[in-house]
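Visitor: this is a predicted model, with the sequence first.
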2 protein chains.
Amino acid sequence: MKAVGLVVEYNPFHNGHAYHVEQSRLASGADVVIAVMSGPFLQRGEPALVSKWARTEMALAAGVDLVIELPAPFASQNAEIFARGSISILEALGCSSFCFGSEDGSIDPFMEAYYFMTKQQSSYDAALRTHLSSGNSYPKAASLAYQELSNGLKLVDLSKPNNILGFEYIKTALHHSFDIIPATIKRIQADYHETQLGAQPIASATGIRKALAEKGSTISTIKQYVPETTAESLNRYIRTYGSLHTWEDYWPLLKYRLLSASSAELAEIAEMEEGIEYRLKSMVLHSTSFQDFMVKIKTKRYTWTRLQRVCVHILTGTYKETTKKLQESPSYLRILGMNDNGRDYLHQIKKHISLPLVSRLASFKEDSIHADIQASTIYTLGLKEPFQSLLLKREYESPVIYRKMV
Amino acid sequence: MKAVGLVVEYNPFHNGHAYHVEQSRLASGADVVIAVMSGPFLQRGEPALVSKWARTEMALAAGVDLVIELPAPFASQNAEIFARGSISILEALGCSSFCFGSEDGSIDPFMEAYYFMTKQQSSYDAALRTHLSSGNSYPKAASLAYQELSNGLKLVDLSKPNNILGFEYIKTALHHSFDIIPATIKRIQADYHETQLGAQPIASATGIRKALAEKGSTISTIKQYVPETTAESLNRYIRTYGSLHTWEDYWPLLKYRLLSASSAELAEIAEMEEGIEYRLKSMVLHSTSFQDFMVKIKTKRYTWTRLQRVCVHILTGTYKETTKKLQESPSYLRILGMNDNGRDYLHQIKKHISLPLVSRLASFKEDSIHADIQASTIYTLGLKEPFQSLLLKREYESPVIYRKMV
């Protein structure tokens, strides 16, 4: 059996994702579609709208055959670490290829960008330092340095977040000489950051979340842009757990932690650099909501996403020292869900894979999975009781979701 | 001017307290009554019903002339440390005597108990160890050891919490050869732990709090047992800040902290001993309220009060190492409120006292006051917004309450 791998967050699963699953299967000629998916906290430093279990259900309903969790130390992290974790997991699972969506749908500009950057590393590093020292954020400085060097060449535009991710996927695969082959398909409509919902059935996840966050909006507001199973799943989640999850639900905990931890403790938090802990501690005193806090702490130097990730690290107690070691490479494969096809595939590869497959927390005693348990536990605290205890129970019982194929 | 000192919590100020103030003034012949009062978290390991400012107003209204804050490292602590902080502050303020309420109203059984215990220290220590090793809580073991040794002697009964406090006050004064003279007055009615409100105008603070905590109860439920100014002050507090403070308001934060901190971190928390951090971490997972949690963690080995104090330490981030040093002796005198009389007294003693008088946080830059700021800041988190920000503003602006005498 031949497998294609996708790197996903499904927050929530929408029509563009369904197209991605379908086209990846077609283009790769694979028998199995495997998704490696962030758990409770996402790459942009946000809690997922719904639990990883609910998002796994959406994925399986739309034809994904196997869903594996991206461990927490890779999930709420910059593009490089996020890509390292994701592509390493797809390689470990024996995927022949991985497939991501891009503007052009052409892999060559990405590959060429990688080879170009490998050759130009020292000039790039020098340019990057220059732009960083002028007070730019890391992504901005990286983009400026890259533009200067690649001026006139036909390389991929790395000022777009989605292209950065694609580039990092390829970098991981090629740098580690993985067997997995990079591929991309052309995205349809909806820019990554497009936030206005249009008349077409395709909208970005950002646009969908924005619409959901608006006052008085219901799931039917976004019905046009998601498969029926997503709408049903979101509605069921609200019925079962009382609400979707937003950063504001965690604000009292984040505020408490920022007020109670010393600056020295905060300095040890992952991605906390250059003394921003002092800025955070002083701004939190007069902030009355997460949004208010974010606006107050934002500077040219740090992107919104980076600051949100720092907030996730504070909330989940993710420290530099412990996390760095865990970020070298994934050490297990946690199964969130599968259908018959996914199960057959696992059965086939089981003896050939080097990482342990984890289907139940109780039967996997390695310390390395602690960060996932911690993140999932803290994620439940965004709900009110009795929903909080209900989701916590779900997290600890953790039976893999199995979907019978029809 | 001659001053008498009282050790108080006023949670809330009731008719028994008014009697205590009045009788202490009479019995001592003092011109000034000074109260050293716990701030936001109390000796029994509970958040105060209302802020220290509101409780200061109640005290001044009832005739206390000067209110000084007992620093946080002494407040939510066992009787020995609580007494050490309180009596040291009253000594530093130049009080001629201190006066506490007791069953008998006679100081001799306390003094004799102190002298007896000083002589019998090694036999007492041995008996204490024996009773501790049979699994008794510290207060229980101490009481058993004391009873054995004092059998037949006319000493104070140290199985009663209030007598333990009185004994520790005296121990502090005599052990340090302070100039301050111990005195006691007879308490009227209401045992310390009496929780049923009766027909008399005197009830214990515990009974009053219990009545307030009952569903549907209003301030008028307790009107009979408190001065009018207390009832008014409590009502005004609810109008201004939305609610009184109870442990349940801090439960989400305590739960979050217990879930996010590692066992190793928790082991460093003040009063955390013998590995109870493991018990706390495992029990919190399935607890849905503070009350539920307390019932689950309670064992014969630890008193309810001790466990509540550990919870305060976790909530406020109070660690063994930093706290121990601060508990040696108070290093400042923070004024919460005064009337003209109190002000005149301060003016008189100002040049003779060795500890700095603090009337504004902004003008006192010593690290030692950080624990007070931290406790007061975290105390505000029990309120909802916009009340939380309102109380926080009050804490940081911190003007001393001044009451004009009429």
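Guide: Good, I have the coordinates. Predicted, not measured: the structure shown is a model, and the values here were computed from it.

Visitor: tell me how far the residue in the stretch 301-406 of chain A that chain B sits nearest to lies from residue A:371.
Guide: The nearest approach of the stretch 301-406 of chain A to chain B comes at residue A:317, 4.4 Å away (C-beta to the nearest C-beta). C-beta coordinates here come from the backbone N, C-alpha and C atoms, glycine included. Distance check for residue A:317 against residue A:371: by C-beta to C-beta, to the nearest Å, it reads 9 Å.

Visitor: for the strand or helix carrying residue A:240, the averaged confidence score.
Guide: Taking DSSP states H and E as the criterion, the element that holds residue A:240 is helix A:228-241. Helix A:228-241 comes out with an average pLDDT of 96.

Visitor: what of stretch A:162-179?
Guide: In this model, stretch A:162-179 carries a mean pLDDT of 95.

Visitor: kindly report the same for stretch A:28-48.
Guide: For stretch A:28-48, the mean per-residue pLDDT is 98.

Visitor: same question, stretch A:210-219
Guide: Averaged over stretch A:210-219, pLDDT sits at 88.

Visitor: list of residues touching that stretch?
Guide: Defining contact as C-beta atoms under 8 Å, 6 or more residues apart in numbering or on different chains, one finds that stretch A:210-219 is touched by A:49, A:195, A:197, A:221, A:222, A:231, A:234, A:235, A:238, A:244, A:246.

Visitor: domains of chain A?
Guide: Here chain A is described, according to automatic domain parsing, as comprising the domains A:3-103+A:185-245+A:328-403, A:247-325.

Visitor: buried deepest among those, which one?
Guide: Among the domains of chain A, domain A:3-103+A:185-245+A:328-403 has the highest mean neighbour count (mean count of other C-beta atoms under 10 Å in any protein chain shown), at a mean of 20.

Visitor: off-centre distance for that domain?
Guide: Its chain's C-alpha centre lies 8 Å from the corresponding centre of domain A:3-103+A:185-245+A:328-403 when counted by C-alpha atoms, centre = their mean, to the nearest Å.

Visitor: re the thing from before, how about the domains of chain A, which one is nearest residue B:339?
Guide: domain A:247-325 (31.8 Å; C-beta to C-beta).

Visitor: start and end of that closest one, how far apart?
Guide: Using C-alpha to C-alpha, to the nearest Å, the gap from the first to the last residue of domain A:247-325 comes to 28 Å.

Visitor: so residue A:311 touches residue A:46, yeah?
Guide: No: in this structure, residue A:311 sits apart from residue A:46 without contact. The criterion is C-beta atoms under 8 Å, and the distance is 9.2 Å.

Visitor: phi, psi for the residue in the stretch 101-250 of chain A that chain B sits nearest to please.
Guide: Evaluated by C-beta to the nearest C-beta, the stretch 101-250 of chain A has residue A:250 as its residue closest to chain B, separated by 9.1 Å. Dihedral angles phi and psi of residue A:250 (degrees, to the nearest 10) take the values phi -100, psi 0.

Visitor: phi, psi for the residue sitting furthest away from the middle of chain A please.
Guide: Among the C-alpha atoms of chain A, the one farthest from their average position, using C-alpha atoms, centre = their mean, is that of residue A:152, at 32.4 Å. Listed backbone geometry of residue A:152 is phi 90, psi -10, with angles given as degrees, to the nearest 10.

Visitor: so who does it touch?
Guide: When contacts are counted by C-beta under 8 Å, 6+ apart, residue A:152 is found next to no other residue.

Visitor: do you know the pLDDT at it?
Guide: In the prediction, the pLDDT value recorded for residue A:152 is 78.

Visitor: show me the contacts for the residue of the stretch 101-250 of chain A closest to chain B.
Guide: When contacts are counted by C-beta under 8 Å, 6+ apart, residue A:250 is found next to A:47, A:290, A:315, A:381, A:382.

Visitor: was I right about the second one contacting residue A:254?
Guide: Yes: under the criterion of C-beta under 8 Å, residue A:290 makes contact with residue A:254 at 7.0 Å.

Visitor: name the residues contacting each of these two.
Guide: With C-beta under 8 Å, 6+ apart applied, the overlap between the contact sets of residue A:290 and residue A:254 consists of residue A:311.

Visitor: and residue A:33, that's in a helix?
Guide: No: according to DSSP: H, G, I helix; E, B strand; the rest coil, residue A:33 belongs to no helix; its state is strand.
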